[in-house]
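[1] Coordinates for the following, if possible.
(one chain, ligands or ions: 2)
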Amino acid sequence: MHDTEPIAATSGQPSAEPGVRLIRNFIDGEYQAGERWFDKHSPLDNTLIARVAEAGRAEVDAAVQAARTALSGPWRSLAVAQRVDLLYAVADGINGRFDDFLEAEVADTGKPVSLARHIGIPRGAANFKIFADVVKHVPGECFEMVTPDGTVAINYAIRRPVGVVGVICPWNLPLLLMTWKVGPALACGNAVVVKPSEETPQTAALLGEVMNAAGVPRGVYNVVQGFGPDSAGEFLTTHPGVNAITFTGETGTGAAIMKAATNGARPVSLEMGGKNAAIVFADCDFDAAIEGTVRSCFVNAGQVCLGTERVYIERPLFERFVAALKEGAERMRPGRPEDIGTGIGPLISQDHRNKVLSYYREAAELGATVVTGCGVPEMAGGLREGAWVQSTIWTGLGDDSPIAREEIFGPCSLVMPFDSEAEVIRRANANEYGLATAIWTTNLARAHRVAASIEVGIAWVNSWFLRDLRTAFGGAKQSGIGREGGVHSLEFYTELKNVCIKL
Ligand code: NAD
Ligand code: 6OD
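    Numbering: from 1, shown residues only. Ligands and ions are numbered 1, 2, ... in the order given. I've put the predicted structure just below:
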């Protein structure tokens, strides 16, 4: 998968360039070229790091066909315990090649190595283990009924895989978010065709090697590389051989995919955008609230769907909190992924940087007070060509401004004061998104009250991005449809069949 050695140009394959990888599709257990090649540039300095084989209709067809064939092959007849063993082997395989995954994830995203080492890669392995455990331990249901003739019937439910699952992934946490879907899909006995983001093709491709080494039958895990519209994403989501589609990405894309899924009335699971609020009460543990809010606003350069872009602070704490948040933001030094002092990496691409910078300009035009940032950091040498933006805090705008309403997906937050619990609940909820919130308070009763009242899929109290993978995960309102995690994933990746036996 990772060709860095000089390779003779063959038809349809770019000639070798030093340091430029060729990333291919993974179909039926083999790496394959595509219809054409597209370029992948480093977010750090905009250098070309890979040429990626874009799957056309033919490759998507082949991948779906391979998955369908796998469903009627040895994969189908594996006992749950055998499937569980294979998934454990996949998890071990990821851990065994930890440094390769780390290198691939960091190359694609430019994020700090420390971040990928602690979140992205370990969760890649954990996502296989946890769902292996879920299917191993999940109980079934059984009901006994009295029949009209006075005898008895028993009903029991068995779970069957939904079939071929199309998995459409974003770029912000590539391995974590891809395996978050592939783990449960395979644990339930499905076969998958994954379409990674065009910005992050590498870890999904590398996982093919791990699948082969673990002994996962060919065709169970397939990867088609490419873009969305008129490319692999659209070809996959409109393909009649795909039985269900699971998606993570922007709300607008989710809506397009939902439309595609109506053809054939196929189920979708959609994890989409957010505009998440942090709510900081004056009675909070100040240091914990600052530490958590700096993380939730700026980690991964703000490119976390669960991240905070609106911070509501109870008025008596406002000035002090803003000052400490500014200090925390300014401590997140931008730099190379491998440098120990690097706190923040670049955005994923020049396009995304243009989008984020357009919000920076808009905030200034709207009269926001810039507490820190709102521009481009001075980077040295080649890094000047990278997709860097400054960590940014604004005050002085209200809930109605686009800066408070729209998802920016960058390292920036609008900070606003509030005066009462009822007011902040109303304001936090006055947004079309409903993904996550972080509530900072030492008042237990208030914590329960506010958590219950905020319209989100996950409400953290005195923490952020603390994940127990057995819990339900998903978004409310425009942030998502459906819940995954633990046994909830089984609702999407399996179909219950009821067997009724008259005794
Ligand atoms: P995106 O929606 O632009 O792209 C996601 C994927 O969809 C990519 O693989 C893309 O190629 C594909 N795609 C685009 N158009 C398509 C189409 N018409 N048909 C089929 N596939 C198509 O999202 P992104 O920019 O990669 O990721 C950032 C977004 O993802 C943010 O909005 C963020 O909030 C969201 N996100 C949500 C969660 C969550 O759990 N709710 C997690 C991570 C990211
Ligand atoms: O932790 C997870 O399972 C998950 N889906 C996280 C999403 C992060 C969004 O960027």
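[2] Contacts only, for residue 257.
    168, 237, 245, 247, 268, 270 (CB atoms under 8 Å, 6 or more residues apart in numbering). The C-beta positions use only the backbone N, C-alpha and C, and glycine is treated the same way.
[3] Any chance of the residues you listed in a markdown table with secondary structure as columns?
    Below are the contacts of residue 257 laid out as a markdown table (DSSP: H, G, I helix; E, B strand; the rest coil):
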| residue | secondary structure |
| --- | --- |
| 168 | strand |
| 237 | helix |
| 245 | strand |
| 247 | strand |
| 268 | strand |
| 270 | strand |
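[4] who wins for most neighbours among those residues?
    The residue in the contacts of residue 257 with the most neighbours, by other CB atoms under 10 Å, is residue 247 (28 neighbours).
[5] so what's it bridging to?
    residue 168, residue 270 (DSSP bridges).
[6] Distance to ligand 2 added to the contacts of residue 257, as CSV?
    Output for the contacts of residue 257, formatted as CSV (distance: CB to the nearest ligand atom, whole Å):
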residue, distance to ligand 2
168, 14
237, 20
245, 16
247, 12
268, 16
270, 12
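[7] Residue 236 sits in which helix or strand?
    Residue 236 is located in helix 232-237, with elements delineated by DSSP states H and E.
[8] That helix and ligand 1, are they touching?
    Yes. Counting by CB under 6 Å from any ligand atom, ligand 1 is contacted by helix 232-237 at 233, 234, 237.
[9] Disregarding flanking residues, what is the spatial nearest neighbour of the first one?
    Think residue 233. residue 195 (5.2 Å; CB to CB, 6 or more residues apart in numbering).
[10] contacting residues around that neighbour?
    Going by CB under 8 Å, 6+ apart, residue 195 touches 166, 167, 168, 169, 223, 224, 225, 226, 232, 233, 236.
[11] That one bridge partners, please.
    Counting by DSSP bridges, residue 195 is bridged to residue 168.
[12] Return the distance of residue 367 relative to residue 393.
    To residue 393, residue 367 is 15 Å away according to CB to CB, to the nearest Å.
[13] ah, wrong one, I meant residue 224
    For residue 224, the distance to residue 393 (CB to CB) stands at 40 Å.
[14] Settle it for me: which of the two has more neighbours?
    Comparing residue 224 with residue 393 by other CB under 10 Å, the one with more neighbours is residue 224, at 30 against 26.
[15] Find me the pLDDT at that one, would you?
    Reported pLDDT at residue 224 in the predicted model: 98.
[16] who are the neighbours in contact with it?
    Residue 224 touches 25, 27, 34, 55, 59-60, 63, 193-195, 232, 235-236, counting by CB under 8 Å, 6+ apart.
[17] Just to check, residue 120 is in contact with residue 179?
    No. Residue 120 lies out of contact with residue 179 (CB atoms under 8 Å); the separation is 9.8 Å.
[18] In terms of packing, which of those two has more residues around it?
    Neighbour count, other CB under 10 Å: between residue 120 and residue 179, residue 179 has more, with 31 against 24.
[19] what's the nearest residue to that one if we skip its chain neighbours?
    Nearest-residue entry for residue 179: residue 127, 3.9 Å, with adjacent residues in sequence omitted and distances by CB to CB, 6+ apart.
[20] what helix or strand does that neighbour sit in?
    Residue 127 belongs to helix 121-137, assigned by DSSP H and E.
[21] now residue 413, what's its secondary structure?
    With three-state DSSP as the basis, residue 413 sits in strand.
[22] burial count for it?
    Neighbour number of residue 413 under other CB under 10 Å is 31.
[23] and it, bridged to which residues?
    Beta bridges link residue 413 to residue 393, judged by DSSP bridges.
[24] Please report how far it lies from residue 170.
    For residue 413, the distance to residue 170 - CB to CB - is 21 Å.
[25] Equivalent analysis for residue 461, please.
    27 Å.
[26] of these two, who's got more company?
    Comparing residue 461 with residue 170 by neighbour count (other CB under 10 Å), the higher total belongs to residue 170, at 24 against 18.
[27] Would you mind listing what in the stretch 351-500 of the chain touches ligand 2?
    Residues of the stretch 351-500 of the chain lying near ligand 2 (CB under 6 Å from any ligand atom): 467, 473.
[28] hmm, try it at 5 Å
    Within the stretch 351-500 of the chain, the residues that sit near ligand 2 (CB under 5 Å from any ligand atom) are residue 467.
[29] Going by residue numbers, what spans are strands in the stretch 351-500 of the chain?
    369-372, 392-395, 412-418, 433-434, 436-440, 458-461, 476-477, 480-481, 494-502 (DSSP state E, counting those that start in this stretch).
[30] Distance to residue 427 and mean pLDDT added to those, as JSON lines?
    Output for the strands of the stretch 351-500 of the chain, formatted as JSON lines (distance: least, CB to CB, whole Å; pLDDT from 0 to 100):
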{"stretch": "strand 369-372", "distance to residue 427": "19", "mean pLDDT": "98"}
{"stretch": "strand 392-395", "distance to residue 427": "15", "mean pLDDT": "98"}
{"stretch": "strand 412-418", "distance to residue 427": "7", "mean pLDDT": "98"}
{"stretch": "strand 433-434", "distance to residue 427": "14", "mean pLDDT": "98"}
{"stretch": "strand 436-440", "distance to residue 427": "12", "mean pLDDT": "98"}
{"stretch": "strand 458-461", "distance to residue 427": "15", "mean pLDDT": "98"}
{"stretch": "strand 476-477", "distance to residue 427": "15", "mean pLDDT": "98"}
{"stretch": "strand 480-481", "distance to residue 427": "22", "mean pLDDT": "98"}
{"stretch": "strand 494-502", "distance to residue 427": "40", "mean pLDDT": "97"}
